[in-house]
Every structure is written in structure tokens, then in C-alpha cells.
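Undergrad: When you get a sec, could you give me coordinates for this:
(2 chains)
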Amino acid sequence: MEHLGKEHILVRPEDYDKNFSTLNLGPTHPATHGIFQNILTMNGETIVDTEQTIGYIHRAFEKLAERRAFYQITTLTDRMNYCSSPINNVGWQTTVEKLLGVQTSKRIDYMRIIIMELARISDHLICNSVIGVDSGALTGFVYVFQEREKIYEIYEEICGARLTTNLGRIGGFERDFTPSVIKKIKEFIVNLPKVIKQFEKLLLRNRIFMDRTINVGGISAERALNYGFSGPCLRAAGVDYDVRVMSPYSSYNDFDFTIPVGTNGDTYDRFCVRQEEIWQSIKLVKNALENLPEGSYHMEVPEFYLPAKEEVYSKMESLIWHFKIVMGEVEVPVGEVYHSVEGGNGELGFYLVSDGGRTPYRLHFRRPCFIYYQAFPEMVKGSFLSDAILTMSSMNVIAGELDA
Amino acid sequence: MEQQLIQDSLQKKFQNELILFDETSDILTFTVRKQSIVEVIQFLKEVLGFQFLTDLCGIHYPEQELALGVVYHLHNFQTNTRIRVKTFTSIEKPQIDTLTNLFSSANWMERETFDFFGIDFVGHPNLIRILNVEYLDYFPMRKEYPLEDQTRKDKDDRFFGR
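TA: As a prediction, the model looks like this:
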């Protein structure tokens, strides 16, 4: 294997006489918004080459998952894209349901859509306001952080946690939406448009912001596809690929919403695409809440859905199922599935191979930002350092998702 | 695109290289001999329109003769079809040709697979570890590397699955 481990040469011998300097951006740098490193070779203020080092918060989720029962893996998915953990949770649960052949009811699907779209709003709010911060506008960030707080309060009301939510179960939810959850979501949906409008007024047509972001960190549709882009970054480049439309899950096909598409694939387009997706998400939450059918909040899958604790203490059958699930006595079908959901950053895929054991035989997470972050050197080559930082924040690279 | 159509055109072009089609999977799945994996994926990309490499990952079946595998997921946006291609290699000489010339996205995904399974992607421009530390002397996702320290005597996990 003599060709392995070739050293990456940052300054090539023919460039030795030029006055290049090396700049370390990260691993802990305020502008990276996460733990990953960029070693930049600079010619004055211009970037010549970039070498990325990632893996600083690698936690071996794929290996851990091979020793955990299906219901225990939801907590691992929380910690991938921690800006929108409910999407990851639901993504994993729908993957298992696909393997088991469980068809969830419309009520569960709509509840999931509500919670996933709220998560998408919070993800996009953070990403877009951080683009503002990196271009020098801190105000917008502080404005929308209030709204993110409200979303986290809704999570808290539903599942008791704020960041690493472990929301929902295989086959549904652990508890129903209480009237106070519904009230909070309704209030949030009514108030959010005002804040978003204010935020857009601040940045969308702001001369300085536009000058800083238009034609910065652009990528063509062709290159973006080749690099495996997905989500807002791909749509900003002009490809209308959205998992919610292409392979609908959780009854997304019941709803009418638009997929915003950009043209240049630059930082400004990514900002605009995310901004428009927030509007679409508001619409989706509103529609799902209005049409929320009555019914149970979980399906009858006793082999996988942990019974309520009161019942475990008082009913024989529930106790048996509880024991069976926890001790791994339930039968799991043999098979392999690939299932993906539209995460905050793009196609979040789960490739699950089951050999009939209690735990997955192999579980692979397709983490969108791991795949598209490798295009970063190509996107920033020849641009200024300050533009590179904007490009990075507009790609919404989340260290947890990058490293898994 | 009809599954049958893809299957037929692949069989016509690569009669001897395809090993089997898996009918039971959720999407069209087939296994290819490792010598022709790049040709098959190039054919899928350029002729059948599977322009998007969704995912690339490794898998290890210790009891098989060809123990290490690579699983590719490809997506055709025009017809909205997904396809899964697998190829297997022996663990003694785990060499598979790289896809980096076809898909730039394969670069890191192959590095990740090398990092965790030790699959040597021949022709890869920069095949070094990506998530683990450079001095790691084993490939942690292989099945023989247990998750927990096997020298520990204070835990008995017999009843808790693997």
C-alpha cells in the first residue's frame, strides 16, 4: 500500500519563491462555529489552497449503533445535526418503520411534519442569522434567537428536552400533543412571520450584506451534483431536489408547498433559499395543525413501542412487552433498507442492514454536510479569507453531523 | 425507469460481471465483481442517468470468503429511481478501484470507508484517515474489533445482544 498516506503538499516547490503564508483556522475558532480545522495557504489576503481536518468530535455512532437496540439509537441521531435533532429522530424512526413494514396513521404523520418543520425553521434561523453575524450584523441573530427559544420551549413541552430531544418513538410518539403544546405552536406560527419579515428587512436588500454575499462561494449546479450536494446548498445552485417531494415520507405528499430554487449557488442564494424555506415551513406547520386528525398518537407495534410506564406497573401484558423489548427478545425482520429524510442540511440518509438480531448489523448515516463540506476548498480558492468564512457559515457545517 | 429495464440493459452490457440481483430489497440491488465496479457505475452514470452518488459505505461479513464490501447508492433524478450496487473483496488484499474520477463526492466517503474498514481504494488521490487519528493501527468498524474493552471482568453483557 505504498500509495497510501501521501502527504498533502500545501505549498508546491514551484511556489517556494512566492511569499505564501499558512493560516490555521480552527479547530476552535469562533468563525468555524464548530470543532474542525482549516489550514489555509494564503497569498496576502487571497486563499491559494485549503486543507481540511475533521473528526475532532467523532464519537463512532456507527459502531455504537451495532450494540444498541433500535429504540436506543434515536439518542445517537440527536447528536448529529444538533440544530435540528427532531428531524434526525424522525428519520431514524421512519427508517425502522420501513424495515418493519409499519404504516403510521395520518395523525402521527402530521404530528411529525409539525415537529420536523419547526426543527427546520430553527435550523435555518440559526444558519441565516449566523451568516449575518459573520458579515458584521449581530442584531438579526439576537432577534431570531428569541424565536428559536420558543421552538425549544415547544420541544420541551412535547418531550422534556431542548437540544438532544430523543423525540418520538418507533411507531409514533411517547405522548400526545397536550393542549398547551397546540397553543404554543399556534402562538408561535402567528408571531413568527412578523419577526422573519423584520429579519429580512434587515438583511435581504441590505447593500452591505448583498455586496458581501453575492458571487461569494458560488458553485455551479453541475459541480454541486458531482460533489453530492443536497438540501438548501444544492437548491441554491439551481437543482430542485428535495427528498420531501422526490421520495415523500410521513405524508408530505398531502401538502402543497413550494421548493425554492436559486440560480448562482452563492452565499446570497443559499441565504434566500433558506429564508424562503422558512416561509414554506410556516405554511406546512399551519396546514398540518389545521388538518390534524383525531386518533392515537402511536401505532399498535407492541414489539417495538415501549408501553407506558403506568401500564408496565399495573398490567401483565405491558410488563411482558416491556421486558421483551428491553431484553431484546423481539423478532426483527432480516433485510436492508435505505431511507432518507430532508434534514436541515439536505438528504439525511440511513442505510440499515438487519440480520434479525437485536441490534443493526450495520448502520450507516448519510450525513449531508460531511459529503458537501469537501467542496469547500474548490469554493473558496482565490477568494478572500473573510469571504471564505461567510461561505463556510452559509454551508451550515455542523460539527456533530460532520463527524458522527 | 422500470427496474426491469435497468436490469436488462445491465445484463446485456455486463453479462459476466454481475453476480446477482437481489429481488427482496427495497430498491433494485445487485452485486458486481470488483474488477468492473468502475465500469458498471460509469455505465449507470453516463448511459442510464444515475448522476448522483447518494452514499458510499463499507460493510464487513467475517464469515464470507470475500469479507469486505462496499455499498454504493445511486440516484437518478430524472426518473427518480434509486439503485444499490455492491461489490466485495477479500480481507487479505482489500483493493477496490476508486470512484473519485467519476464523482468528486466519493473522495471523503472513500476515505471514511478506508478509515473504518481498511478498504484500499486504488487510484484515490489522498487516501488517509479522515475521522480517526492517523496513528490508529486497526480498522474499527470491522467486526473483530469489539466495542468494549474485552479485558474487563466487571460486566456481563451476554443478555444484551451483541
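Undergrad: I'd assumed residue A:83 was in contact with residue A:164.
TA: No. Using Cβ atoms under 8 Å, residue A:164 makes no contact with residue A:83, being 11.4 Å away. C-beta coordinates here come from the backbone N, C-alpha and C atoms, glycine included.
Undergrad: Looking at those two, which has the bigger crowd around it?
TA: residue A:83 (23 against 17; other Cβ atoms under 10 Å in any protein chain shown).
Undergrad: what sits against that one?
TA: A:122, A:123, A:126, A:127, A:344, A:396, A:398 (Cβ atoms under 8 Å, 6 or more residues apart in numbering or on different chains).
Undergrad: again, only using 7 Å
TA: Counting by Cβ atoms under 7 Å, 6 or more residues apart in numbering or on different chains, residue A:83 touches A:122, A:123, A:126, A:344, A:398.
Undergrad: Out of the residues you listed, name the ones that lie in helices.
TA: A:122, A:123, A:126 (DSSP state H).
Undergrad: Distance of whichever residue of chain A sits closest to chain B relative to residue A:76?
TA: Closest contact between chain A and chain B, by Cβ to the nearest Cβ, is at residue A:228 (3.1 Å). Distance of residue A:228 to residue A:76, computed by Cβ to Cβ, to the nearest Å: 23 Å.
Undergrad: ok, the two, which is more surrounded?
TA: Neighbour count, other Cβ under 10 Å: between residue A:228 and residue A:76, residue A:228 has more, with 29 against 22.
Undergrad: what's the closest non-adjacent residue to that one?
TA: Once flanking residues are discounted, residue A:228 sits nearest to residue B:105: 3.1 Å by Cβ to Cβ, 6 or more residues apart in numbering or on different chains.
Undergrad: OK, contacts around the one you found?
TA: A:226, A:227, A:228, A:371, B:53.
Undergrad: Below-threshold pLDDT in chain A: ranges please.
TA: A:1-13 (pLDDT under 70).
Undergrad: swap the cut-off to 80 and go again
TA: Applying pLDDT under 80 to chain A flags residues A:1-18, A:26, A:30-32, A:328.
Undergrad: Show me where it has its strands.
TA: Ranges of strands in chain A, per DSSP state E, are A:21-25, A:37-43, A:46-53, A:334-342, A:347-355, A:362-366.
Undergrad: so what does the fifth one touch, helix or strand wise?
TA: Contacts of strand A:347-355 with other secondary structure elements, assessed using 3 or more Cβ pairs under 7 Å, 6 or more residues apart in numbering or on different chains; DSSP states H and E, are made with helix A:85-100, strand A:334-342, strand A:362-366, strand B:52-60.
Undergrad: what's in contact with that strand?
TA: Residues outside strand A:347-355 that contact it (Cβ under 7 Å, 6+ apart): A:87-88, A:91-92, A:95, A:99, A:230-231, A:243, A:332-341, A:360-368, B:54-55, B:57, B:59, B:71.
Undergrad: report the angle between the axes of it and strand A:334-342?
TA: Put simply, strand A:347-355 runs at 170 degrees to strand A:334-342, going by axes from the mean of the first three to the mean of the last three Cα atoms, to 10 degrees.
Undergrad: what's the offset of strand A:347-355 from the middle of its chain?
TA: The gap between where strand A:347-355 is centred and where its chain is centred comes out at 16 Å by Cα atoms, centre = their mean, to the nearest Å.
Undergrad: how about stretch A:329-344 against chain B, any contact?
TA: Yes. Using Cβ under 7 Å from any Cβ of the partner chain, stretch A:329-344 reaches chain B at A:335, A:336, A:337, A:338.
Undergrad: Helix or strand: which one has the residue positioned nearest the centre of chain B?
TA: What sits nearest the mean C-alpha location of chain B, by Cα atoms, centre = their mean, is residue B:70, with 1.5 Å. In this structure, residue B:70 sits in strand B:68-76 according to DSSP states H and E.
Undergrad: check whether that strand contacts chain A.
TA: Yes. If you take Cβ under 7 Å from any Cβ as the test, strand B:68-76 does meet chain A, through B:71, B:73.
Undergrad: following that strand, which helix or strand shows up next?
TA: Next helix or strand after strand B:68-76 toward the C-terminus (DSSP H and E): strand B:81-89.
Undergrad: what about that following strand, distance to the chain center?
TA: Put simply, strand B:81-89 sits 7 Å off its chain's centre (Cα atoms, centre = their mean).
Undergrad: Report the buried residues of the lowest-mean-pLDDT helix or strand in chain B.
TA: Least confident helix or strand, chain B: strand B:18-22 with a mean of 74, by mean pLDDT, DSSP states H and E. Within strand B:18-22, the residues that qualify as buried are residue B:18, counting by 16 or more other Cβ atoms under 10 Å in any protein chain shown.
Undergrad: Output the contacting helices and strands for that strand.
TA: Using 3+ Cβ pairs under 7 Å, 6+ apart, strand B:18-22 sits against helix B:3-13, strand B:28-32.
Undergrad: For the shortest one, which strands pair with it and how are they oriented?
TA: Right, the one you point to is strand B:28-32. strand B:18-22 (antiparallel), strand B:81-89 (parallel) (DSSP bridges).
Undergrad: of all those, which lies closest to residue A:297?
TA: Evaluated over these, closeness to residue A:297 peaks at strand B:81-89, with 30.9 Å, by Cβ to Cβ.
Undergrad: Whichever helix or strand comes after that closest one close to chain A?
TA: Under the assignment DSSP H and E, the closest C-terminal helix or strand after strand B:81-89 is strand B:95-97. No. Using Cβ under 7 Å from any Cβ, we find that strand B:95-97 stays clear of chain A, coming within 8.8 Å at best.
Undergrad: Averaged pLDDT, strand B:95-97. What do you get?
TA: Across strand B:95-97, pLDDT averages out at 94.
Undergrad: What strands line up against that strand, and which way round?
TA: Counting by DSSP bridges, strand B:95-97 is paired with strand B:120-122 (parallel).
Undergrad: What parts of chain B come near chain A?
TA: Residues of chain B lying near chain A (Cβ under 7 Å from any Cβ): B:24-27, B:51-55, B:57, B:59, B:71, B:73, B:77, B:80, B:82, B:84, B:103-105, B:107-109, B:120, B:126-128, B:130-132, B:140-141, B:147, B:159-162.
Undergrad: Now, of those residues, which are buried?
TA: For the residues of chain B next to chain A, a burial check counting by 16+ other Cβ under 10 Å picks out B:27, B:51-55, B:57, B:59, B:71, B:73, B:82, B:84, B:103-105, B:107-109, B:120, B:126-127, B:130-132, B:140-141.
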